[in-house]
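J.: sequence first, then the predicted structure, then my questions.
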Amino acid sequence: MRRRTLLAWPLAWGALSVAAQGVAAAPPPHIAAHLPQARLRGTGTMRFLGLHIYDAQVWSADPVRSDGGDQPLAIDIAYARSLSGERIAKRSIDEMRRIGEFDAATAERWLQTMVQLFPDVGAGDRLTGVHLPGRSARFYANGRLRGEVADALFARLFFGIWLSPRTSEPGLRAQMIGTPS
């Protein structure tokens, strides 16, 4: 059985039901601050052994590229269950290794940074990552800024967890970028 991504980022306030009705939803304020023209581009649900882990959304001004390329966007995850921030960080490193190469020292540095940025989450909590290509990744917990990783390689690999063709979850990726799996 293949391993599943256990990262989770929260739903934007009612955007799924609004989008399903064909009405354009405005991004949450912390996303709009970085991406004022963003629209909800895709949604997906992560399940592991039938358990609902999280719901994810992608926000961007332009359609999400099928190659997972560098573009300004946000991934917003709503957790359906409790997970420790450390577990989320460790799983992120594992998944980032699927996307690209980096050495052990870099992995340890990134892991420690993510452990500080990612709080423990419970059902209903939201984590949001904003990708600023070529510059950084900003992280929010329940709409409040937690910090920024000013490392373009980190940002590309981190968002590749969901958007790269090398993701461990191609079905979730297809939902998020709006392509058939």
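T.: Yep, it's here. Numbers count the residues shown, from 1 in each chain.
J.: who are the contact partners of the nearest residue to F154 once chain neighbours are set aside?
T.: Once flanking residues are discounted, F154 sits nearest to W110: 5.7 Å by Cβ to Cβ, 6 or more residues apart in numbering. Quick note: C-beta positions are derived from backbone N, CA and C, even for glycine. Taking Cβ atoms under 8 Å, 6 or more residues apart in numbering, we find W110 in contact with I93, M96, F102, V149, D151, F154.
J.: who wins on neighbours among the residues you listed?
T.: Using other Cβ atoms under 10 Å as the neighbour criterion, M96 leads the contacts of W110 with 25 neighbours.
J.: which helix or which strand is home to that one?
T.: helix 85-99 (DSSP states H and E).
J.: what does that helix rub up against?
T.: Contact with helix 85-99 is made by 3, 5-8, 102, 107, 110-111, 114-115, 117-121, 127, 154, 156-158, 160-161, 164, 166-168, as judged by Cβ under 8 Å, 6+ apart.
J.: nearest residue to the middle of this protein?
T.: I75 (3.9 Å; Cα atoms, centre = their mean).
J.: now the angle from the one helix or strand G129 maps to to helix 85-99?
T.: G129 is located in strand 126-132, with elements delineated by DSSP H and E. Taking axes from the mean of the first three to the mean of the last three Cα atoms, to 10 degrees, one finds that strand 126-132 is oriented at 40 degrees with respect to helix 85-99.
J.: next, the buried residues of strand 126-132.
T.: Neighbour counts over strand 126-132 (16 or more other Cβ atoms under 10 Å) mark R126, L127, T128, G129, V130, H131, L132 as buried.
J.: can you give me the helices in this structure?
T.: Using DSSP state H, the helices assigned to the chain run over residues 15-20, 29-32, 85-99, 104-117, 152-163, 170-177.
J.: for those, which one sits closest to A38?
T.: Between A38 and those, the tightest spacing by Cβ to Cβ is seen for helix 29-32, at 5.9 Å.
J.: just how off-centre is that closest one within its chain?
T.: Relative to its parent chain, helix 29-32 has a centroid offset of 15 Å by Cα atoms, centre = their mean, to the nearest Å.
J.: repeat for stretch 112-119
T.: Per Cα atoms, centre = their mean, the centroid offset for stretch 112-119 relative to its chain is 15 Å.
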